[in-house]
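> Generate a structure from the sequence data that follows.
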Amino acid sequence: MGIRRAVRLAGGQSTEEWLGRLRCTRCGGRGAIITLCADTRGEVQKEREGPLPVTLEE
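The predicted model follows:
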C-alpha cells in the first residue's frame, strides 16, 4: 500500500501494535513487515515528475 494510506491506517498506534493487526492481502496470514522506500531524487526532479508511485493510494 502507499505510505500515505499506511500512515492514515496506523492512526497513532505504535509500530508494534500496528504490525500485530496487519494481514497479508493474498493469504490472510500475519507476520507482516514494513518496508520504507526513501525518495532520493532531488527537489527539481520531484517537482517535475511528481510523487513516486509507491507513495500513492492503492
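
> any chance you could map the helices in the chain?
Using DSSP state H, the helices of the chain run over 3-10, 15-21, 43-49.

> Ile33 is nearest to which of the ones you listed?
Closest to Ile33 of the helices of the chain, according to CB to CB: helix 15-21, at 7.8 Å. To be clear about C-beta, it is placed using only N, CA and C from the backbone, and glycine gets the same treatment.

> on that earlier part again, can you say which of the helices of the chain is packed in most?
Mean neighbour count, computed with mean count of other CB atoms under 10 Å, is highest for helix 3-10 among these, reaching a mean of 13.

> Could I get the average pLDDT for it?
Helix 3-10 shows a mean pLDDT of 72.

> okay, that helix in PDB with CA atoms only?
Extracted C-alpha coordinates of helix 3-10, given in PDB (Å, rounded to 0.1, in the frame of the first residue of the first chain):
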ATOM      1  CA  ILE A   3       2.800   5.300   2.600                       C
ATOM      2  CA  ARG A   4       0.000   7.900   3.000                       C
ATOM      3  CA  ARG A   5      -2.600   5.200   3.400                       C
ATOM      4  CA  ALA A   6      -0.300   3.300   5.800                       C
ATOM      5  CA  VAL A   7       0.200   6.300   8.000                       C
ATOM      6  CA  ARG A   8      -3.600   7.000   8.000                       C
ATOM      7  CA  LEU A   9      -4.400   3.400   8.900                       C
ATOM      8  CA  ALA A  10      -1.800   3.400  11.700                       C
END
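
> Please consider this matter closed, and thank you.
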